[in-house]
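Novice: Requesting a structural model of the entry that follows:
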Amino acid sequence: MFATLPASSVLAEGQGAYFYRDSHVRRLARENVSCDELVNAFFHALPPWVDTLMKWRDGLVERLGLKTSASAPHEALAQGPIKLGQQIGVFRVLALAPGEVVLGENDRHLDFRVSLMAGQSEFRVSTLVRPHNVFGWFYLACVLPFHHFISALSTSRVARLLNAGSYRQEKSQNP
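Specialist: As a prediction, the model looks like this:
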């Protein structure tokens, strides 16, 4: 799938370097969403069975020398406002911009980016993946069916949380 990110995305200029790109979009009833709200809603919207899948994934890939989750996402979120470079589960915070957070990681087998964007009455989750070798291509092929389902589901759930104002923080320290 080769979705095109909006020109306003932090990742727009370099998106051509990623083999796989997808986006899921849902309507928002509000305009201003902080980076902290985006990240909190994203991680709280994931169903509990996704944590189980990630633990299973970590157990498998650890044996292959790949990066795993340092801690549960909810532990990292409890530390306060998100910061550039912060590790949240398997994700590292790579960019913070008004209305957008970029999460991702670089590993031996592939690099991936997840852009969480809110603005113009919509919430968008975009995923970019760049495999480095045969194992990266194999890994991508194995996770894509799960990714499509989880990404579409979580996009809807995040939009619902943001519309409800469940993660509104009056004094966010991030743009």
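
Novice: who are the neighbours in contact with the nearest residue to A118 once chain neighbours are set aside?
Specialist: Closest residue to A118 apart from its sequence neighbours, by CB to CB, 6 or more residues apart in numbering: V33 at 3.7 Å. The C-beta positions use only the backbone N, C-alpha and C, and glycine is treated the same way. V33 is in contact with 99, 118-119, 123, 162, counting by CB atoms under 8 Å, 6 or more residues apart in numbering.

Novice: and V33, that one's in a helix?
Specialist: No. Counting by DSSP: H, G, I helix; E, B strand; the rest coil, V33 falls outside a helix, being coil.

Novice: Identify all contacting residues around whichever strand or helix holds V101.
Specialist: Here V101 sits within strand 100-106, counting by DSSP states H and E. By CB under 8 Å, 6+ apart, the list of residues contacting strand 100-106 from outside reads 8-11, 35, 38-39, 67, 82, 88, 90-96, 111-118, 128.

Novice: With stretch 4-14 instead?
Specialist: 15, 21, 23, 95, 97, 99-100, 102, 113, 115, 117, 119, 124, 126, 128.

Novice: Centre-most residue in the protein?
Specialist: Residue closest to the average C-alpha location in the chain (CA atoms, centre = their mean): V114, at 3.8 Å.

Novice: Quick check: phi and psi on it?
Specialist: Backbone torsions of V114, given as degrees, to the nearest 10, read phi -130, psi 120.

Novice: The helix or strand where R124 lies to strand 100-106, inter-axis angle?
Specialist: Here R124 sits within strand 122-131, counting by DSSP H and E. Calculated by axes from the mean of the first three to the mean of the last three CA atoms, to 10 degrees, strand 122-131 forms an angle of 20 degrees with strand 100-106.

Novice: Please identify the buried residues of strand 122-131?
Specialist: 123-131 (16 or more other CB atoms under 10 Å).

Novice: burial of H24, as a residue count?
Specialist: 19 (other CB atoms under 10 Å).

Novice: residue ranges of the strands in the chain, please?
Specialist: For the chain, applying DSSP state E gives strands covering 20-27, 87-88, 91-97, 100-106, 110-119, 122-131.

Novice: Throw those strands into a markdown table and include mean pLDDT, thanks.
Specialist: Below are the strands of the chain laid out as a markdown table (pLDDT from 0 to 100):
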| stretch | mean pLDDT |
| --- | --- |
| strand 20-27 | 93 |
| strand 87-88 | 84 |
| strand 91-97 | 92 |
| strand 100-106 | 94 |
| strand 110-119 | 93 |
| strand 122-131 | 94 |
